[in-house]
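Peer 1: Curious how this folds, go ahead:
(one chain, ligands or ions: 1)
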Amino acid sequence: MDLCIIGSGYVGLVSGACFAEVGHHVVCVDNDPRKVEMLQRGEIPIYEPGLEDIVHRNVSAKRLRFTTSTEDGVDSSQIVFIAVPTPPQPDGSVDLSFIERVAREIAGVLKPGEYRVVVDKSTVPVKTGEKVADTIKRYNKQATFDVVSNPEFLREGCAVSDLMNPDRVVIGSSSQKATDLMKQVYEPFRAPILVTDVNSAELIKHAANSFLSLKISYINAVSAICEASGADVELVADGIGTDRRIGRNFLNAGLGYGGSCFPKDVKAFIAISKQLGVPFHLLEEVEKINGQMLTRFIDKVRSKLWVLQDKKIAVWGMTFKPDTDDVRNSVAIELINRLVAEGAQVSAYDPKGAEKAVQWKLIDSAKVRIVANPLEAVQDAEALLLATEWSEFAAQDLEEVRKRMHTPLVFDGRNLFDPQMMADLGFEYHAVGRPGR
Ligand code: UGA
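Peer 2: Numbers count the residues shown, from 1 in each chain. As a prediction, this is how the structure comes out:
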């Protein structure tokens with residue numbers, strides 16, 4: 001099929017590449033000429049395992065191309081996906097100005113008699129589809145189109161595999177014609193397809209992300225009870241997670257959730273529910289617990305090192321999760337900044353995220369020593385703080401780490417290491433919600 005994706009961020013670019021991979025012809029549109037030029041040269045603006053290969057392969061096969069022209073994209077496609085950012089506003093509600101602008105742009109280039117399906121893939125508040133349809137109608141009285149909601153559930157760091165093997169595909173549509181075309185798009189993925197009305201599909205995305213955030217905050221709250229009682233949160237998570245009704249996924253205690261989705265989407269769902277007159281107070285608690293995790297962690301470090309001023313502290317990890325270079329809303333970055341604010345001398349290492357952290361001025365490179373490998377970070381350190389569970393950290397020679405440190409004190413914010421093994425290696429080891437050995 002001929003598809004157009006407007007917006008070449010995480011969702012747009014990975015979706016476009018994967019649609020091409022299964023045989024569709026895809027035009028990716030972005031209004032940033034530098035990004036489009038980069039992509040046309042074969043350079044990928046984000047680090048995402050497997051993405052570069054898929055893009056190169058499909059560009060060579062002439063199934064994938066990039067342009068700045070919405071008209072070109074809409075003209076050459078049966079289906080137009082909107083995948084532009086929906087950032088938060090200061091009050092937590094969603095800024096829909098990018099979506100509105102794209103709806104007007106599409107209206108401006110739709111030709112009479114040429115039917116198009118306009119699909120919203122961005123995460124948007126319930127009832128946005130209705131507004132997109134109204135906007136297109138207002139700016140183009142002759143347009144023949146249907147608006148569909150098709151939320152995306154990919155995770156950064158495993159976006160390609162999530163997209164190629166989805167748990168389910170949600171199609172929110174009120175038109176049989178549009179639904180049939182959408183089913184054809186997803187037929188090659190051989191995933192269960194759930195057809196709903198547009199409002200329900202939009203709500204599914206906010207409800208899913210908020211529920212996953214709730215699971216994380218739930219286990220984090222349990223981790224605090226484990227610390228107070230001497231129980232082990234990993235065993236508790238295994239014990240409850242093996243109940244298939246609960247499931248073990250997203251029950252990993254740690255520093256809490258970050259990134260460009262969960263914090264924003266929980267806030268948005270709180271704002272949406274308030275606007276609809278049915279406030280969702282439970283989610284306010286989810287946010288509160290999440291915010292407390294980093295404070296609890298730093299309190300623990302302080303209880304050992306007393307004053308943090310001038311202390312040499314190594315931090316492993318800057319990205320909000322492993323296997324990505326994304327440092328937006330990363331708890332690891334927040335950790336580094338709080339340590340620096342207390343006057344600590346921080347040496348930080350991340351396999352992929354350091355460049356963007358500095359480039360986007362999320363950390364002050366004059367105040368943080370950014371190093372090229374994990375061992376350099378721990379040299380003479382009085383404590384090692386692990387903030388992101390990269391597999392590279394699990395594979396370190398921990399004997400060597402201990403030898404290099406001034407004091408073998410480790411605070412593991414992601415429960416990456418085994419407490420007994422760390423004790424056997426001679427570390428004083430503090431995890432989240434797990435007793436020391
Ligand atoms: C999340 C959802 O998982 C995707 O389904 C959704 O499509 C995406 O948001 C989106 O809305 O675009 P993502 O933010 O890429 O994906 O990453 P996750 O793997 O969900 O992790 C989010 C945060 O939760 C990370 O900071 C991670 O460290 C944290 N987390 C995750 C935990 O603290 N504990 C866990 O058990 C799982």
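
Peer 1: buried stuff in the strand or helix carrying Val55?
Peer 2: With elements taken from DSSP states H and E, the one containing Val55 is helix 51-60. By 16 or more other C-beta atoms under 10 Å, the buried positions in helix 51-60 come out as Leu51, Glu52, Ile54, Val55, Asn58, Val59. All C-beta spots, glycine's among them, are computed from the backbone N, C-alpha and C.

Peer 1: Out of those, which is nearest to the ligand?
Peer 2: Distance to the ligand, by C-beta to the nearest ligand atom, is smallest for Leu51 among the buried residues of helix 51-60, at 13.7 Å.

Peer 1: wait, what's in contact with the residue of the stretch 1-150 of the chain found nearest the ligand?
Peer 2: Closest to the ligand within the stretch 1-150 of the chain is Thr123: 5.4 Å, counting by C-beta to the nearest ligand atom. Thr123 is in contact with Thr86, Val94, Pro151, Glu152, Lys205, His206, Asn209, Cys261, Asp265, Ala268, counting by C-beta atoms under 8 Å, 6 or more residues apart in numbering.

Peer 1: From Tyr10, how far off is it?
Peer 2: 11 Å (C-beta to C-beta, to the nearest Å).

Peer 1: likewise Gln396?
Peer 2: Taking C-beta to C-beta as the measure, Gln396 falls 29 Å from Tyr10.

Peer 1: and the two? which has more neighbours close in?
Peer 2: The residue with more neighbours, out of Gln396 and Tyr10, is Tyr10; 23 against 15, by other C-beta atoms under 10 Å.

Peer 1: Tell me if I am right that Arg369 is in a helix.
Peer 2: No. Looking at Arg369 with DSSP: H, G, I helix; E, B strand; the rest coil, it is strand, so not inside a helix.

Peer 1: who's in contact with it?
Peer 2: Gln345, Val346, Ser347, Ala348.

Peer 1: re earlier: any idea which of the contacts of Thr123 is the one closest to the ligand?
Peer 2: Distances from the ligand to the contacts of Thr123, taken by C-beta to the nearest ligand atom, are shortest for Cys261, at 3.2 Å.

Peer 1: dump the residue contacts of that closest one.
Peer 2: By C-beta under 8 Å, 6+ apart, the neighbours of Cys261 are Thr123, Asn209.

Peer 1: Phi first, then psi, for it.
Peer 2: Here is the backbone geometry of Cys261 (degrees, to the nearest 10): phi -120, psi -60.

Peer 1: What's the per-residue pLDDT of the residue of the stretch 1-150 of the chain closest to the ligand here?
Peer 2: Per-residue pLDDT puts Thr123 at 97.

Peer 1: residues from the stretch 301-437 of the chain in reach of the ligand?
Peer 2: Taking C-beta under 6 Å from any ligand atom as the contact definition, the stretch 301-437 of the chain meets the ligand at Phe320, Lys321.

Peer 1: the helices in the stretch 301-437 of the chain, which residues?
Peer 2: 331-341, 354-359, 374-378, 391-394, 398-404, 419-424 (DSSP state H, counting those that start in this stretch).

Peer 1: Show the average pLDDT along the last one.
Peer 2: When you say that, I think you mean helix 419-424. On average, helix 419-424 scores 97.

Peer 1: how deep is Ala394 tucked in, by neighbour count?
Peer 2: 13.

Peer 1: Got the phi and psi for the closest residue to it other than its chain neighbours?
Peer 2: Of all residues not flanking Ala394 in the chain, Leu416 sits nearest, at 5.7 Å (C-beta to C-beta, 6 or more residues apart in numbering). Main-chain torsions, Leu416, degrees, to the nearest 10: phi -80, psi -30.

Peer 1: Give me the pLDDT for Leu416.
Peer 2: Leu416 is assigned a predicted lDDT (pLDDT) of 98.

Peer 1: List of residues touching the helix holding Val55?
Peer 2: The contact list for helix 51-60, computed with C-beta under 8 Å, 6+ apart, reads 13-14, 17-18, 20-21, 26, 39, 42, 44, 64-65, 159-160.

Peer 1: chain center to it: distance?
Peer 2: Chain-centre distance of helix 51-60: 22 Å, with C-alpha atoms, centre = their mean, to the nearest Å.

Peer 1: what's downstream of it, the next helix or strand?
Peer 2: strand 64-67.

Peer 1: That next one pairs with which strands, and in what direction?
Peer 2: Here strand 64-67 is paired, per DSSP bridges, with strand 25-29 (parallel).

Peer 1: Would you mind listing what in the stretch 1-150 of the chain touches the ligand?
Peer 2: Counting by C-beta under 6 Å from any ligand atom, the stretch 1-150 of the chain comes close to the ligand at Thr123.

Peer 1: Give me the below-cutoff pLDDT ranges for the stretch 1-150 of the chain.
Peer 2: The model of the stretch 1-150 of the chain has no residue with pLDDT under 70.

Peer 1: residue boundaries of the helices in the stretch 51-200 of the chain?
Peer 2: Going by DSSP H, counting those that start in this stretch, the stretch 51-200 of the chain shows helices at 51-60, 70-75, 97-109, 128-139, 159-164, 176-186, 198-229.

Peer 1: How many neighbouring residues does Ile336 have?
Peer 2: Ile336 has 28 nearby residues by other C-beta under 10 Å.

Peer 1: oh sorry, the question was meant for Thr128
Peer 2: 24.

Peer 1: show me what contacts it?
Peer 2: Taking C-beta under 8 Å, 6+ apart as the criterion, Thr128 is in contact with Leu96, Ile99, Asp120, Ser149, Glu202.

Peer 1: Need the max-distance pair from the residues you listed.
Peer 2: Spatial extent of the contacts of Thr128 (C-beta to C-beta) is set by the pair Leu96 and Ser149 at 13.7 Å.
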